[in-house]
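A.B. asks: Need a 3D model of the following:
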Amino acid sequence: MSTRTLEIVEVNRKRERKKILLQNKRRYDDRDLRRLSVKRTCEKKRLAEIRGPLKLVTRKEKKKKSFLAK
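C.D. replies: Predicted structure coming up:
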């Protein structure tokens, strides 16, 4: 093999390695994001349980409120 082909092989090898490392990094980043989002939803659920059930406002009540505000 000439030195030129060796250089090309080396460059390609570096490029491949870089690509694989990037993929791995992306995979770990996704995993972290997923973990964070799960954490966030758990936190929201916990807060919702503490707060209790939401009071449902009917359309009639909404209209009444907006009418009184005018």
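
A.B. asks: all helices for the protein, in order.
C.D. replies: With DSSP state H, the ranges of helices along the chain come out as 3-51, 59-69.

A.B. asks: Dump these into a markdown table; add mean neighbour count as well.
C.D. replies: Every C-beta, even on glycine, is put in place using the N, C-alpha and C of the backbone. Formatted as a markdown table, the helices of the chain follow (neighbours: other CB atoms under 10 Å):
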| stretch | mean neighbour count |
| --- | --- |
| helix 3-51 | 10 |
| helix 59-69 | 9 |
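
A.B. asks: weakest of those helices by average pLDDT?
C.D. replies: With a mean of 78, helix 59-69 has the lowest mean pLDDT of the helices of the chain.

A.B. asks: I'd like to know which elements it is packed against.
C.D. replies: With contacts defined as 3 or more CB pairs under 8 Å, 6 or more residues apart in numbering; DSSP states H and E, helix 59-69 has no packing partner among the helices and strands.

A.B. asks: when you give positions from now on, start the count at 134
C.D. replies: Taking 134 as the first residue, the last one we looked at is helix 192-202.

A.B. asks: Extract the C-alpha trace of it and format it as PDB.
C.D. replies: As requested, C-alpha coordinates have been extracted for helix 192-202 and formatted as PDB (Å, rounded to 0.1, in the frame of the first residue of the first chain):
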ATOM      1  CA  ARG A 192     -70.300  26.900  29.800                       C
ATOM      2  CA  LYS A 193     -73.200  28.700  31.500                       C
ATOM      3  CA  GLU A 194     -71.000  29.800  34.400                       C
ATOM      4  CA  LYS A 195     -68.300  30.900  32.000                       C
ATOM      5  CA  LYS A 196     -70.800  33.000  30.100                       C
ATOM      6  CA  LYS A 197     -72.100  34.500  33.300                       C
ATOM      7  CA  LYS A 198     -68.600  35.400  34.400                       C
ATOM      8  CA  SER A 199     -67.700  37.100  31.100                       C
ATOM      9  CA  PHE A 200     -71.000  38.900  31.200                       C
ATOM     10  CA  LEU A 201     -70.400  40.200  34.700                       C
ATOM     11  CA  ALA A 202     -66.900  41.300  33.700                       C
END
